[in-house]
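Student: Okay, structure incoming, though there's no sequence with it:
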């Protein structure tokens, strides 16, 4: 997905929000916004938004010296999500179609995204999303793809929601590789948090090499690109990965909740819609 | 009121919205955003936001060549408001306190503000606001001030709401001077629209000389500053005038609906609150 004009005020808004976590003085925060302002003229609008966001957050981290400002919040979200885990397992026990239900839970878990939502109540949002129909539902194709695959490459997104990704991964009877970001960026998952959640018990964990909040191909390692291109089946979780890979030519399935109006428009659904969508 | 950090993403958002009215191509709009981005580092944060907004809109007008992009929308709002006029007069007929009711209507009319609200339904908003209590209500002081004044200086704001200002002005039995912007800026009222509404039938119309979306003192003519400083009583309408004059030392009363979260916070009320407030 390209960067839309509407993304520009949003970058500025995100820069303000992120700077406020690590900086105490308005003058320091203003300085970050000055730098982001100067960056705007150099934005390649054909690039996916996470590529620009990477530059914006890099400016912030440079200024603040805090490479992981969302560290505490990631821990909080993880703990909250882990508390819900037993209840989610119960839900799956009662389900007629465990994989479809786990998909819905994994999408519902995608509400945990600091890049877009300022505040949220995980429990409420998860429970609300559970009984809603998917706005785009390519589950039949998804099922066939699983049946014809020897393994799945699962692209993780935010830290908290990865707890629900683990639950979905457990439903597959073929090996899964779980992909994380190389360095902390926003509240996205890295190896450290993936291990804390115990994803290593259900999947192999690899880094894509990116420090963007989405697997923008130009920022990934050659090793990861090879893995991606050879994959039998790819599950791409969340908005950042959709923005980065919406034009990727391969057996990719996007699982996300369209919290951002621009992404919703790009997909062609109303804002807030939940999607299990086969890629182009 | 000073410019808050939160105003910066909002300037960018406003620049995008305003550019889209006059420009057809994304690349042209992007160029405006580039310029606004470069402007950020030069923003004097101690200045009121309308002073910065004036620079932002000046950039847009320079790029588009369209000095009055909101011309059509101003006409639409005016017509809608004028259609409601007979009904508003009926409401006042039935009122126990015509001035207080007219104040509430004038504040309700302040929902007509393109700078903040993207879309709105005038009728709905006016009717909803009519029966709500004011969040800050300095009406007793206001009444005394009117009783002790020989004239009122009324600072107009947006074009559509000026129809309701006219209704309030008609309730006073002392002369009123109605102040407009010198040039079109956003959807603010100038002499042209004030005459279309017929405000010249109930008040003398003068320009403050400003081209900012608020009577920022440093942008006003010496003649207006003299008028302002000598005024028996000043009624300041809308957010832009509050932002410009919140620290003005004089017999000033602010009438506004706090649609912007930053202004609401500056006043110390919840967002959406309606205010009849004596100045400092």
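Tutor: The structure has been received and is ready for your questions. Bear in mind the structure is a predicted one, so any value in this text is a computation, not a measurement.

Student: right, and residue A:95 touches residue A:101 too?
Tutor: Yes. With contact taken as Cβ atoms under 8 Å, residue A:95 and residue A:101 are classed as touching, separated by 3.9 Å. Every residue, glycine included, has its C-beta placed from N, CA and C.

Student: Comparing these two, which residue is more hemmed in?
Tutor: In this view residue A:95 and residue A:101 are compared by other Cβ atoms under 10 Å in any protein chain shown, and residue A:101 has more residues nearby, 20 against 15.

Student: Quick one: list the elements packing against the helix or strand hosting the more buried one.
Tutor: Per DSSP states H and E, residue A:101 falls inside helix A:98-109. Secondary-structure packing of helix A:98-109 (3 or more Cβ pairs under 8 Å, 6 or more residues apart in numbering or on different chains; DSSP states H and E): helix A:71-93, helix A:122-130, helix A:139-147, helix A:162-169, strand A:252-257, strand A:274-278.

Student: Figure out which of those is closest to chain B.
Tutor: helix A:71-93 (20.3 Å; Cβ to the nearest Cβ).

Student: elements contacting the closest one?
Tutor: Short answer (3+ Cβ pairs under 8 Å, 6+ apart): helix A:71-93 packs on helix A:98-109, helix A:122-130, helix A:162-169, helix A:191-197.

Student: now the angle from that helix to helix A:98-109?
Tutor: Computed with axes from the mean of the first three to the mean of the last three Cα atoms, to 10 degrees, the direction of helix A:71-93 lies at 150 degrees from that of helix A:98-109.

Student: In chain A, what helix or strand scores lowest on average pLDDT?
Tutor: helix A:122-130 (a mean of 69; mean pLDDT, DSSP states H and E).

Student: What segments of the stretch 151-280 of chain A are strands?
Tutor: For the stretch 151-280 of chain A, the strands defined by DSSP state E, counting those that start in this stretch cover A:152-155, A:176-180, A:204-207, A:234-237, A:252-257, A:274-278.

Student: what comes up buried for stretch A:185-195?
Tutor: The neighbour-count check on stretch A:185-195 (16 or more other Cβ atoms under 10 Å in any protein chain shown) flags A:185-191, A:193-194 as buried.

Student: Revised request: answer the last question for stretch A:174-182.
Tutor: By neighbour count on 16+ other Cβ under 10 Å, the buried set for stretch A:174-182 is A:176-182.

Student: swap in stretch A:200-211?
Tutor: A:202-203, A:205-211.

Student: likewise stretch A:251-261?
Tutor: So, applying 16+ other Cβ under 10 Å, buried residues of stretch A:251-261: A:251-260.

Student: try stretch A:224-237
Tutor: For stretch A:224-237, burial by neighbour count (16+ other Cβ under 10 Å) applies to A:224, A:227-228, A:231, A:233-237.

Student: so what's the most centrally placed residue in chain A closest to, chain neighbours aside?
Tutor: Centroid-nearest residue in chain A, with Cα atoms, centre = their mean: residue A:157, separated by 2.6 Å. What sits nearest to residue A:157 in space, not counting adjacent residues and going by Cβ to Cβ, 6 or more residues apart in numbering or on different chains, is residue A:238, at 2.9 Å.

Student: What is the neighbour count of that neighbour?
Tutor: For residue A:238, using other Cβ under 10 Å, the count is 31.

Student: Please parse chain A into its domains.
Tutor: Recorded structural domains for chain A (assignment: automatic domain parsing) are A:7-64, A:72-278.

Student: For chain A, list the residues in contact with chain B, please.
Tutor: A:5-6, A:8-10, A:12-13, A:16, A:26, A:29-30, A:33-34, A:36-41, A:43, A:45 (Cβ under 8 Å from any Cβ of the partner chain).

Student: is it true that residue A:38 touches residue B:39?
Tutor: No. Residue A:38 lies out of contact with residue B:39 (Cβ under 8 Å); the separation is 10.2 Å.

Student: These two: who's more crowded?
Tutor: Shown here are residue A:38 and residue B:39; by other Cβ under 10 Å, residue B:39 has more neighbours (20 against 15).

Student: Please name the residues that touch the more buried one.
Tutor: A:37, B:55-56, B:59 (Cβ atoms under 8 Å, 6 or more residues apart in numbering or on different chains).

Student: For these, give me CSV that also has secondary structure and pLDDT.
Tutor: Shown next, in CSV, are these (DSSP: H, G, I helix; E, B strand; the rest coil; pLDDT from 0 to 100):
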residue, secondary structure, pLDDT
A:37, helix, 97
B:55, helix, 92
B:56, helix, 90
B:59, helix, 89
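
Student: just to revisit the earlier point, may I have the residues that are in contact with the residue nearest to the centre of chain A?
Tutor: Going by Cβ under 8 Å, 6+ apart, the list of residues near residue A:157 reads A:110, A:113, A:188-189, A:237-241.

Student: switch the cut-off to 6 Å
Tutor: Residue A:157 makes contacts with A:237-238, A:240-241, as judged by Cβ atoms under 6 Å, 6 or more residues apart in numbering or on different chains.

Student: nearest to residue B:163, of these?
Tutor: Within those, distances to residue B:163 taken as Cβ to Cβ reach their minimum at residue A:240, with 47.1 Å.

Student: What's the separation between that closest one and chain B?
Tutor: In this view, residue A:240 and chain B are 20 Å apart by Cβ to the nearest Cβ, to the nearest Å.

Student: That residue: how many residues sit nearby?
Tutor: 31.

Student: Surely it is in contact with residue A:213?
Tutor: Yes. The pair residue A:240 and residue A:213 passes the contact test of Cβ atoms under 6 Å, sitting 4.5 Å apart.
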